[in-house]
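A.B. asks: From the sequence below, what's the structure:
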Amino acid sequence: MSEQKTADETRLRKLRSHVPVNAVLHVWLKAIHPHAPAEMRLSLNEQVFGNIFVQNSEEYEFRMFFVPHGGELECAYDPETTTVSVAYWFTDAKVLEEGITVLRTHAANAPAPAPGSYHFRPPFGWMNDPNGFGRFNGSAHLFYQHYSHGLTWNTMHWGHAISEDFLHWRHMPIFLFPSEDLSHRPAKRGGAFSGSAIPLDNSAGIRVFFTESVTDRAPEREIQMMATSQSLIFAGEAHPLIDNRPELEGLTLDFRDPYVFRGPDGYWKMLLGSRRNEEGVVLLYQTADVTAAGGWEFVDVLHSEGRHNTQVIECPCLLPLDGPAGDPNTHWVLMCGLMHSHDEATGRRNLTSATVGHFDGTTFTPEFEQELDFVTDNYAFQAFLDQGTPVGIGWLANWADAAPEIDFPTAMTLPRNLVYDPTDNVLLTPPIEGVEKLRDHLIDETQLAAGELITLETGQAEIVIELDGSNESFELDLYHNNIEIVIKVDAEGMRLIYLDDIERATPDYVAPGAKPSHIRVFLDIGSVEVFADNGRWTGTKRIAGFDPIHSLRIRSGGIKTAKVWGLSL
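C.D. replies: Numbering: from 1, shown residues only. Purely as a prediction, here's the structure:
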């Protein structure tokens, strides 16, 4: 009997960590075989204090344990009967300042192999839309669409991270879980979709609003939910807030992504994305409830989009740009993700529009419109007023590239400011102030301008180029092992050329007529971001794979100055 016990013990895999008093353990495990339950043995200082059993062999199930004392924690399981997707621990008292400590990720949900990356990435699993982006209790909070157990879209949760500067992030516990029915099997039936958050009055907590989607639910596939969090660590129990679409002829079942904000009349407003007949639409709701916890009523269709065969508007976002919300002269910007849109002239898909105008609380009057990003890999952009300054962030990807067969760990864009320029009557989206502190060392300030090859030690760099005002064509070649990437300015405008080995039509990523004098390029493993003339033209491209751009060269004239910095968090 002792020999059998020794053999079983040898086969066990063990996760170990030194934990403080009052640590909380979160673990997801699954049975490998339907007839044999998954089991995990928990020990502290070599004394067993608990066992976890899970019968489910289809999907990982969540379990939580409180560790009674500090010391050496061991989580042991038999890999012949049990598989573990994620395990991490934290303490309630310090998690907002210190984050979680990850003990285990699976090969199927491991974080991206991107050492030194300065873009936000989840600690494990799939990520898409930013949610609930805001500053609460003094810190910036980023929630995001998340699936823990793989690198493709599945049942949606809300992940969570906290920052003081929008660049350095602490990973938090999973904030919002979908219903137990949706979590029980990986059926891709829906989950806790995108939404927003507002602060609670007289409290450090927040109220979150999100869409609960269930593919086969009738009569409403998507409804709006609300949850309250006093701790900023976990959402409380979620309750239906708006469970029926407005009675508008031709409105589809799409009814999603609540963005809640204070209107110019002092009332809470909510934007929702949908489709009506052949147009994507933004629906406006409002409530007189000062807590925003109820009383929501439909006002009207705020905005319509019928171009580019837009299937539905997603992630609408509206905020003031250049003055108080209550001032009728203040400009507002309305941003919309145009889901499944297709620009036939360029082949680009899933565009994002940014419309600047005026908002009186019930009506939005446009003045002008431009694309938020001419390369289009900045989707589901969400912004808020950070002490009067608009700050936003987007998903650094495009649904045209997201497919189950693609290994797709992803990132968020660099955070950007939103600036109304009254001189040229345009919207600028430069990177946030303070991004310069990423500059670790100056790589070059003479050779690139002279046309020489510049080699990068890592995949993280910033390039700043001043053009001399001549009409010469400009071309910056970014050398990558597998992909041709070129930033080009000529008589037609500004382009980002991206050519890979996949046999498919390549979109023409072009900003027609763009004639910038200043170009700022941020390189990271898996991405390139271009900001021309302080964000007058912005292009964001996800680079497939994890090979870095290893060198660069300017192949044409018209250069006044060019500098290259190595970047580091």
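A.B. asks: T352 touches T376, doesn't it?
C.D. replies: Yes: T352 lies in contact with T376 (C-beta atoms under 8 Å); the separation is 7.1 Å. For every residue, glycine as well, the C-beta is placed using N, CA and C.
A.B. asks: neighbour-wise, which of those two wins?
C.D. replies: Taking other C-beta atoms under 10 Å, T352 and T376 do not tie; T376 has more neighbours (25 against 21).
A.B. asks: Check the more buried one and give its pLDDT.
C.D. replies: Listed pLDDT for T376 reads 95.
A.B. asks: ok, now which ones touch it?
C.D. replies: 348-352, 398, 507, 509, 540 (C-beta atoms under 8 Å, 6 or more residues apart in numbering).
A.B. asks: Repeat that for N154.
C.D. replies: Applying C-beta under 8 Å, 6+ apart, the residues near N154 are 126, 147, 186, 188, 191.
A.B. asks: Are we agreed that the fourth one is in a strand?
C.D. replies: It stands for K188. No: going by DSSP: H, G, I helix; E, B strand; the rest coil, the assignment for K188 is coil, not a strand.
A.B. asks: From R16, how far out is it?
C.D. replies: Noted for K188: a distance of 35 Å to R16, by C-beta to C-beta, to the nearest Å.
A.B. asks: swap in the third one?
C.D. replies: The span separating P186 from R16 equals 29 Å under the rule C-beta to C-beta.
A.B. asks: for the stretch 401-550 of the chain, what spans make up the strands?
C.D. replies: Under the criterion DSSP state E, counting those that start in this stretch, the stretch 401-550 of the chain contains strands at 416-417, 419-421, 426-428, 439-444, 454-455, 461-467, 474-479, 484-490, 493-499, 509-512, 518-524, 527-532, 537-542.
A.B. asks: Would you mind putting the CA coordinates of the fourth one into PDB?
C.D. replies: Extracted as PDB, the C-alpha positions of strand 439-444 are listed here (Å, rounded to 0.1, in the frame of the first residue of the first chain):
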ATOM      1  CA  ARG A 439      12.100  56.200 -23.500                       C
ATOM      2  CA  ASP A 440      14.900  54.200 -22.100                       C
ATOM      3  CA  HIS A 441      17.800  55.200 -24.300                       C
ATOM      4  CA  LEU A 442      18.500  57.100 -27.500                       C
ATOM      5  CA  ILE A 443      19.500  54.700 -30.300                       C
ATOM      6  CA  ASP A 444      20.100  57.200 -33.100                       C
END
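A.B. asks: what comes up buried for it?
C.D. replies: Within strand 439-444, the residues that count as buried by 16 or more other C-beta atoms under 10 Å are 440, 443-444.
A.B. asks: could I get the residues you listed as CSV with pLDDT and distance to D421?
C.D. replies: Converted to CSV, those look like this (pLDDT from 0 to 100; distance: C-beta to C-beta, whole Å):
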residue, pLDDT, distance to D421
D440, 96, 31
I443, 98, 31
D444, 97, 31
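A.B. asks: what would those residues look like in JSON lines with distance to D265?
C.D. replies: Shown next, in JSON lines, are these (distance: C-beta to C-beta, whole Å):
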{"residue": "D440", "distance to D265": "48"}
{"residue": "I443", "distance to D265": "52"}
{"residue": "D444", "distance to D265": "54"}
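A.B. asks: okay, P186 and R16: which has more neighbours?
C.D. replies: P186 (16 against 12).
A.B. asks: Verify the stated contact: S203 with T228.
C.D. replies: No: here S203 does not reach T228: they are 9.3 Å apart, not a contact under C-beta under 8 Å.
A.B. asks: Settle it for me: which of these two has more neighbours?
C.D. replies: T228 (17 against 13).
A.B. asks: would you say that one is within a helix?
C.D. replies: No: looking at T228 with three-state DSSP, it is strand, so not inside a helix.
A.B. asks: isn't it right up against G205?
C.D. replies: Yes: T228 lies in contact with G205 (C-beta under 8 Å); the separation is 6.5 Å.
A.B. asks: Next, the buried residues of stretch 552-562.
C.D. replies: 552, 554, 558-559, 562.
A.B. asks: what's the most distant pair in these?
C.D. replies: L552 and G558 (16.5 Å; C-beta to C-beta).
A.B. asks: Identify the bridge partners of the nearest residue to L448 once chain neighbours are set aside.
C.D. replies: In space, and not counting its chain neighbours, L448 is closest to A562: 4.3 Å by C-beta to C-beta, 6 or more residues apart in numbering. Beta-bridge pairing for A562 (DSSP bridges): I465.
A.B. asks: quick one: A562 and L467 touch, right?
C.D. replies: No: using C-beta under 8 Å, A562 makes no contact with L467, being 9.7 Å away.
A.B. asks: Going by distance to I483, which of the buried residues of strand 439-444 wins?
C.D. replies: Using C-beta to C-beta, those come closest to I483 at I443, 21.7 Å.
A.B. asks: Quick one: residues contacting that closest one.
C.D. replies: Counting by C-beta under 8 Å, 6+ apart, I443 has contacts 454, 456, 461, 564-566.
A.B. asks: again with C317
C.D. replies: Neighbours of C317 in contact, by C-beta under 8 Å, 6+ apart: 259, 271, 334-336, 381-383, 392.
A.B. asks: and it, backbone torsions?
C.D. replies: Backbone torsions for C317, taken as degrees, to the nearest 10, come to phi -150, psi 130.
A.B. asks: any idea how far it lies from T352?
C.D. replies: 10 Å.
A.B. asks: Give the residues shared as contacts by the two.
C.D. replies: With C-beta under 8 Å, 6+ apart, C317 and T352 have common neighbours 335-336, 381.
A.B. asks: Pick the one among those residues closest to G50.
C.D. replies: F381 (43.8 Å).
A.B. asks: isn't that closest one right up against L396?
C.D. replies: No: assessed by C-beta under 8 Å, F381 is found out of contact with L396, at 10.7 Å.
A.B. asks: what sits in contact with each of these two?
C.D. replies: Counting by C-beta under 8 Å, 6+ apart, the residues touching both F381 and L396 are T413.
A.B. asks: List the contacts of G273.
C.D. replies: 254-257, 280-283, 312-316, 336-337, 339.
A.B. asks: Show the buried residues in those residues.
C.D. replies: Using 16+ other C-beta under 10 Å, the buried ones in the contacts of G273 are 254-257, 280-283, 312-316, 336-337, 339.
A.B. asks: Just give the number of residues close to the nearest residue to F66 once chain neighbours are set aside.
C.D. replies: Once flanking residues are discounted, F66 sits nearest to V24: 5.9 Å by C-beta to C-beta, 6+ apart. If you count neighbours by other C-beta under 10 Å, V24 ends up with 18.
A.B. asks: So what sits opposite V24 in the bridge?
C.D. replies: F66, F90.
A.B. asks: Touching, A544 and I485? I think so.
C.D. replies: No: counting by C-beta under 8 Å, A544 does not reach I485; the two are 11.0 Å apart.
A.B. asks: For A383, which non-adjacent residue is spatially closest?
C.D. replies: Nearest residue to A383, sequence neighbours excluded (C-beta to C-beta, 6+ apart): G392, at 3.0 Å.
A.B. asks: shouldn't the one you found be in contact with L142?
C.D. replies: No: under the criterion of C-beta under 8 Å, G392 is not in contact with L142, lying 11.2 Å apart.
A.B. asks: buried residues in stretch 37-53?
C.D. replies: Under 16+ other C-beta under 10 Å, the buried positions of stretch 37-53 are 37-44, 50, 52.
A.B. asks: start to end distance for that stretch?
C.D. replies: Using C-alpha to C-alpha, to the nearest Å, one end of stretch 37-53 lies 6 Å from the other.
A.B. asks: Noted, bye for now.
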